[in-house]
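**Q** Test case, fold it:
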Amino acid sequence: LPDSSILPEQALIFFNARLHRPIQQEWWTRMIAHLTDHTPGVQEESSLQALTTCARQGLCDLPKHEMVAAFNAALNHHRQSGRILEVYGDYTLNVLRNTPAALALFRRAVQVSPGEPIYRVTLVRLLAVTGHLDAARSEFAKIRADQRLMLGPSTVHQLERCLAPGQNGAGCANAN
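**A** The predicted structure is shown next:
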């Protein structure tokens with residue numbers, strides 16, 4: 001279907017990967033072409049997130065070069081998506097194991113979508129657990145009061161505790 005989303009290809013890739021069956025290159029090619037030709041919407045964001053989650057959990061053995069190509073295609077548009085940057089950061093951190101690149105992606109997500117506090121929370125957590133406590137505290141201070149309400153008290157209180165003077169930030173990784 002020429003103007004459909006990437007859901008059909010994502011589903012084929014996802015289910016074949018989960019079942020440890022071959023993934024046809026044509027599915028990746030069509031998905032990446034769509035991401036190149038169309039500004040991603042919610043369906044594309046969700047599709048990339050589902051593939052990332054499956055890879056992060058070790059349930060899908062997805063080719064890294066194809067995943068990176070899909071993310072790069074999705075981000076090669078005038079309007080970048082904070083959610084795709086966040087998901088790509090997750091993939092980069094947890095699958096590619098590249099913390100500096102993940103930090104850069106999380107920073108871009110915050111820049112692109114400053115009104116979305118969860119992106120800043122992710123950045124704060126990673127800065128804290130990697131020992132950049134001053135930067136983590138600075139980013140945490142930028143979360144407005146109305147955004148803190150959206151996050152919920154448990155997330156805010158856990159971050160406040162793990163960023164408190166004398167703390168090493170380790171507890172930030174599990175702040176929910």
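
**Q** my guess is N98 meets D90, correct?
**A** No - N98 is not in contact with D90 according to CB atoms under 8 Å; the separation is 11.8 Å. No exception for glycine: its C-beta is placed from N, CA and C like everyone else's.

**Q** more crowded one of these two?
**A** Just comparing N98 and D90: by other CB atoms under 10 Å the higher neighbour count belongs to D90, 20 against 15.

**Q** Just give the closest residue to the more buried one, not the sequence neighbours.
**A** Leaving aside its chain neighbours, D90 sits nearest to T52 (5.6 Å; criterion: CB to CB, 6 or more residues apart in numbering).

**Q** Helix or strand with the lowest mean pLDDT in the protein?
**A** Confidence across the helices and strands of the chain bottoms out at helix 145-151, with a mean of 80, counting by mean pLDDT, DSSP states H and E.

**Q** Okay, buried residues for it please.
**A** Buried residues in helix 145-151, counted by 16 or more other CB atoms under 10 Å: Q147, R148, L151.

**Q** Tell me the one of the residues you listed nearest H65?
**A** Ranked by distance to H65 (CB to CB), those are led by L151 at 35.4 Å.

**Q** ok, that closest one to P117 distance?
**A** 5 Å (CB to CB, to the nearest Å).

**Q** Overlap in contacts, these two.
**A** Common contact partners of L151 and P117 (CB atoms under 8 Å, 6 or more residues apart in numbering): I143.

**Q** picking that back up, make JSON lines out of the buried residues of helix 145-151 and add distance to A11.
**A** Formatted as JSON lines, the buried residues of helix 145-151 follow (distance: CB to CB, whole Å):
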{"residue": "Q147", "distance to A11": "34"}
{"residue": "R148", "distance to A11": "37"}
{"residue": "L151", "distance to A11": "32"}
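
**Q** of those residues, closest to P8?
**A** Nearest to P8 among the buried residues of helix 145-151, with distances taken as CB to CB, is L151, at 35.0 Å.

**Q** Which residues lie in contact with that closest one in this structure?
**A** Remark: with contacts taken as CB under 8 Å, 6+ apart, L151 is in contact with P117, I118, V121, I143.
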